[in-house]
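**Student:** got a predicted structure plus its sequence, pasted below:
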Amino acid sequence: MKSMSETGTMPVTCNPVAPRAPLRLVSLLACGSILAGVPVLAEAQTQPAAPAAPAAAARDNTIRTITVVGAERLEPTTILSYIRLRVGQEYTATAADEAIKDLSATELFANYSIRNDNGNVVISVTENPVINRIVLEGNKRLKNDKIAPEIKLAPRQIFTRSKVRADVARIIELYKRQGRFAARVEPKLVQLPQNRVDIVFEISEGPKSKVRQINILGNEKFSDGELRGEMVTKQARLTSFFSSNTSYDPDRLAFDQQKLRQFYLTNGYADFRVVSAVAELTPDQQDFIITYVVEEGERYTFGEVKVDSQLRDFDSDVMSTQLPMKDGDFYNAKTVEDTVEQLTELAGRYGYAFADVQPRFNRNPADRKMNVTFLLREAPRVYVERVDINGNTLTQDKVVRREFRLAEGDAFNSLAVQRTNARINSLGYFQENFEVKQVEGSAPDRIVLEANVEELPTGELQFSAGFSSIEQFILAGSIRQRNFRGRGQTIGLSLNYSQFSRSAQVSFSDPYLFDRNISGGVDIYRRDFNSFNFTGNNRNTTFQQATTGFSLRAGVPLTEYMALVGSYTLNYDDVSLDRTLFFSDIDGDGTTECDPLRAGRFLCDAIGQRLSSIVGLSLNYNSLNSRIRPSRGKTISLSAEFAGLGGDVRYARFRGRAQQFWNVGNSGFIFSVLAEGGTIIPLQERPGAGVDDVLLTDRFFLGEPQFRGYAIRGVGPRILTQQSILDNLGRPVLDGDGNPTFITERRQVRDDAIGGRNYYLGRAELEIPLGSGARELGLRPSIWTDIGALWGVETPVLTVNPTGTQLRDDQGQLLYQVPVTGDITTDAAQADGSPNIRLIQPGTNIRELFLGNSPSPRITAGIGVNWNSPFGPFRIDFAQTIRKVEGDDERRFTFNVGTQF
């Protein structure tokens, strides 16, 4: 073989891609790797050339012309710019090799060669193909929309090997994040006409790599089980079916080391350290075995604990006596962190927004004491130079800026930044877990706050269907825009239909009316509601209430967490009964009217048309960390309503409600308590014995879903209508004392809830955390207990069906029956003035009992599960009654689908 300096005709070539056939990319990259590290040699000549004179050879090796052959998309001058050969230079083998390397480095060519013909250099190229499309095959666990953003190659780009290698690495990394370390990606090319190719990524996902075993070496004070319980990563077991923390994740491995250190420091082991943490693949290459080597060290107690305050308003000695830790207590790093936070917050309340609390530790290994000094001082002030809003295309700047608790020129305050984060996240317009970014300003005492937002869709179009034990079948549809025109306004239209209720509502609200710190809103609605009772499991419509009206509201903030809201509501109510069932010709004059013996006097009193004009005022406090799923904070609401500013109804209604949430430790448990109550005071009198001054439709009702363990309206005053037991001749069956007997089986008794004037309700609930897999499914179980009561209605006049004539005794006196005892008497009323039941000639005797009008607490407890299912929110509860009052209607099992709890 001769070198290029000895011949002018030998070409230097490289062909990394063979044409017209699908090839593995691994084979395609072989030539490129050779070119990167090994000199390219000239091919051997098939025919020896005739020797030339030395002068002629030197003359032939001078480059006279350089010609590019085969270029299609690229200009020849562009190709020449990639190499260092120039006209007038001497053509050598080294120069040719360098030019070949230069062409290879561009990754623009599939085939290239250089030939020297007596000083006329010819560069022949075949350009790399253009990508026609990119195809993913074999991916089932990760869909195309998850992988495609990681692929940098795109149609109409020029194919390059380095980009393919990078895309393969990124796809594999995606699968590793999912715990699939056995995933493999094989790229292939499919040649197409016109120098085009399809790139096919053939993916073998492999099984999900689980953590088969977690070994801990060096622990003596705590068992392996206790330490594994502190880790986020869990061993793959049958009991961990719903958990996604059984997959191997390197980031989670590092986090678990911090969890171990935090656990030991909390229990006083200040010298604890993780010596090593190793994750090894099992021999079958399927799962991982993780091994931790730890050094526990000795357990420390607190020694001298004090506060060194450099702030004027805080006395060091007094504050030292109020610290939660004492000399001799076991050292607890979590208690130290909590104390720092409490001292910082305390200083902030006294106006020291820049208080800096630094714990200083003095460890004494000899007696295993940890002395702690909390240094309380004021940090240098930093000021906000400017506030930048980035990324908002629809939302106006003012919508974001008005949620900032800091403005340009204000002194920087980390608590105000945290509150800003919470307020912007509560808008629901942007990405989850939004945080304000802090950037250095133009001077050391200046800082720039950046809100880099990513807008989310805020328009909602919902259609849903469901079934519940309350409403039976439910159909609902709504359209709502929560960020109308990017101004932060909400506008919506909703329609709901079920067997016993129908409603339509148009609403508009603006949290900053006229760009002022005043909230406002209006609702226009029509609601048709069918009230009902139960006879056994049969649900019977009692009265229909149609309400047409509107409501106006406006609110002003009093503090960061407190607001005052005023409202005005105007309702037109039309309450009616089924005339064929509840109306009769009582006077015999051919005119039908509501028959109290069929409907009950309480229903006859409710029918009619009336206009309600209501003004209201409420004071609201809200410090929840999330409006959707709070884990800490509280809400308090006090409201008063007055009906009587015109209209036909007069009353005053007062309500109060408070709820508190606690995040129990760092375990994910959320504990909450709720207390609420209300009363309504009539401001007008309604004539008639046993007629309550508050209309039936204005009273409070209590039961499912507010009070779990009871049926809807299952708590409080009610009238049970019992039929007498008849013999084969249709006569009442008498007991041994000659008194009629009545059906008392609850399933066969008509049950009418009539509401009350006063109520209270309390609740305690503990939400139990599940694995992340169950959380992703939206499952949230809880245990709970409820307590409450409803009472305060006027005792109604109880009536019976007067079929036949009233019985008389031997002296001709009318006979009556005492409602509770069933005794027969000639007295029309009892000693307390309550009426007795007339005893009717055998026919269809009816007895009405008034029960449940008591403030005595009802108590239930149970377990429940919330599930954000694909077809709507689902709530299921199993309840056990602990304490009840006679007449209450219990329900052990309740569920709702398609309605919010």
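**Tutor:** Sure, I can see it. Computed from a prediction, not measured in an experiment: that's the story for all the values here.
**Student:** against residue 100, how distant is residue 109?
**Tutor:** Distance of residue 109 to residue 100, computed by C-beta to C-beta, to the nearest Å: 10 Å. For the C-beta atoms, the positions are set from N, CA and C on the backbone; glycine is no exception.
**Student:** likewise residue 247?
**Tutor:** In terms of C-beta to C-beta, residue 247 sits 47 Å off from residue 100.
**Student:** same question for residue 582.
**Tutor:** 102 Å.
**Student:** all helices for the stretch 101-250 of the chain, in order.
**Tutor:** Ranges of helices in the stretch 101-250 of the chain, per DSSP state H, counting those that start in this stretch, are 144-147, 161-177, 224-230, 250-266.
**Student:** of all those, which one is nearest residue 704?
**Tutor:** helix 224-230 (37.5 Å; C-beta to C-beta).
**Student:** what is that closest one packed up against?
**Tutor:** For helix 224-230, the packing partners by 3 or more C-beta pairs under 8 Å, 6 or more residues apart in numbering; DSSP states H and E come out as strand 211-217, helix 250-266.
**Student:** please tabulate those in JSON lines, including the columns mean neighbour count, distance to residue 625 and mean pLDDT.
**Tutor:** Compiled in JSON lines, the helices and strands packed on helix 224-230 are given as follows (neighbours: other C-beta atoms under 10 Å; distance: least, C-beta to C-beta, whole Å; pLDDT from 0 to 100):
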{"stretch": "strand 211-217", "mean neighbour count": "17", "distance to residue 625": "32", "mean pLDDT": "90"}
{"stretch": "helix 250-266", "mean neighbour count": "17", "distance to residue 625": "22", "mean pLDDT": "89"}
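**Student:** how about TSV for those, with distance to residue 702 added?
**Tutor:** Listed next are the helices and strands packed on helix 224-230 as TSV, based on distance: least, C-beta to C-beta, whole Å:
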stretch	distance to residue 702
strand 211-217	49
helix 250-266	44
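**Student:** please name whichever of these is nearest to residue 128.
**Tutor:** Comparing those by C-beta to C-beta, helix 250-266 comes nearest, at 36.2 Å.
**Student:** now the angle from the closest one to strand 211-217?
**Tutor:** 40 degrees (axes from the mean of the first three to the mean of the last three C-alpha atoms, to 10 degrees).
**Student:** now helix 250-266, how far from the centre of its chain.
**Tutor:** Here the centre of helix 250-266 is set off from its chain's centre by 26 Å, with C-alpha atoms, centre = their mean, to the nearest Å.
**Student:** ok, and what's touching that helix?
**Tutor:** The list of residues contacting helix 250-266 from outside it, by C-beta atoms under 8 Å, 6 or more residues apart in numbering, reads 222, 227, 230-233, 245, 272-274, 277, 279, 290, 292, 294, 296, 331-334.
**Student:** out of these, which are buried?
**Tutor:** 222, 227, 230-231, 233, 245, 272, 274, 277, 279, 290, 292, 294, 296, 331-333 (16 or more other C-beta atoms under 10 Å).
**Student:** where's residue 405 relative to residue 380, distance?
**Tutor:** 21 Å.
**Student:** let me see the ranges of the strands in the stretch 451-600 of the chain.
**Tutor:** Secondary structure of the stretch 451-600 of the chain (DSSP state E, counting those that start in this stretch): strands located at 459-468, 472-484, 489-498, 501-510, 519-535, 538-557, 562-577, 583-584, 593-594.
**Student:** for residue 866, which of those strands is the nearest?
**Tutor:** Nearest to residue 866 among the strands of the stretch 451-600 of the chain is strand 459-468 (14.3 Å), distances taken as C-beta to C-beta.
**Student:** over that closest one, what's the mean pLDDT, rounded is fine.
**Tutor:** Averaging the model's pLDDT scores along strand 459-468 yields 60.
**Student:** what's the answer for stretch 580-593, then?
**Tutor:** 70.
**Student:** what do you get for stretch 334-348?
**Tutor:** If you average the pLDDT values across stretch 334-348, you get 84.
**Student:** buried set for that stretch?
**Tutor:** Buried-residue list, stretch 334-348, by 16+ other C-beta under 10 Å: 335, 336, 339, 340, 343, 344, 346, 347, 348.
**Student:** so what touches it?
**Tutor:** In contact with stretch 334-348 (C-beta under 8 Å, 6+ apart) are residues 262, 265-266, 307, 311, 314, 319, 323-325, 355, 357, 359, 372, 374, 376, 413, 415.
**Student:** give me the buried entries from these.
**Tutor:** 262, 265-266, 307, 314, 319, 323, 325, 355, 357, 372, 374, 376, 413.
**Student:** beta partners of residue 640?
**Tutor:** residue 617, residue 654 (DSSP bridges).
**Student:** scratch that, residue 493
**Tutor:** Beta-bridge partners, per DSSP bridges, of residue 493: residue 479, residue 506.
**Student:** what number of residues lie near it?
**Tutor:** Residue 493: 12 surrounding residues under other C-beta atoms under 10 Å.
**Student:** so which of the contacts of stretch 334-348 belong to helices?
**Tutor:** Among the contacts of stretch 334-348, the subset assigned to helices under DSSP state H consists of 262, 265, 266, 319, 415.
**Student:** with respect to residue 526, which of those residues is nearest?
**Tutor:** residue 415 (46.2 Å).
**Student:** so which of the helices of the stretch 101-250 of the chain comes closest to residue 482?
**Tutor:** helix 144-147 (24.7 Å).
**Student:** what mean pLDDT does that closest one have?
**Tutor:** The model assigns helix 144-147 a mean pLDDT of 86.
**Student:** now it: how far from the chain's centre is it?
**Tutor:** Centroid displacement of helix 144-147 relative to its chain, using C-alpha atoms, centre = their mean, is 24 Å.
**Student:** next one: stretch 357-368
**Tutor:** Centroid separation for stretch 357-368 versus its chain: 42 Å, with C-alpha atoms, centre = their mean.
**Student:** kindly report the same for stretch 572-580.
**Tutor:** 42 Å.
**Student:** residues in contact with it?
**Tutor:** 541-549, 583, 592, 594, 599, 603-604, 606-612, 697.
**Student:** do that again at 10 Å, thanks
**Tutor:** 526-529, 531, 540-549, 582-583, 592-595, 598-599, 603-612, 647-649, 695-698 (C-beta atoms under 10 Å, 6 or more residues apart in numbering).
**Student:** quick one: low-confidence ranges for the stretch 451-600 of the chain?
**Tutor:** 462-476, 498-500, 531-543, 581, 585-590, 596-598, 600 (pLDDT under 70).
**Student:** pull out the buried positions in stretch 182-200.
**Tutor:** Applying 16+ other C-beta under 10 Å to stretch 182-200 flags 182-183, 185, 187-189, 191, 195-200 as buried.
**Student:** so which of the buried ones among the contacts of stretch 334-348 belong to strands?
**Tutor:** Residues of those located in strands (DSSP state E): 307, 355, 357, 372, 374, 376.
**Student:** state the distance from the last one to residue 325.
**Tutor:** Going from residue 376 to residue 325 by C-beta to C-beta gives 16 Å.
**Student:** check the fifth one too.
**Tutor:** From residue 374 across to residue 325, the span is 10 Å (C-beta to C-beta).
**Student:** what sits in contact with each of those two?
**Tutor:** Shared contacts of residue 374 and residue 325, defined by C-beta under 10 Å, 6+ apart, comprise 305, 336, 339.
**Student:** let's have those in CSV, adding distance to residue 852.
**Tutor:** Output for those, formatted as CSV (distance: C-beta to C-beta, whole Å):
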residue, distance to residue 852
305, 57
336, 54
339, 51
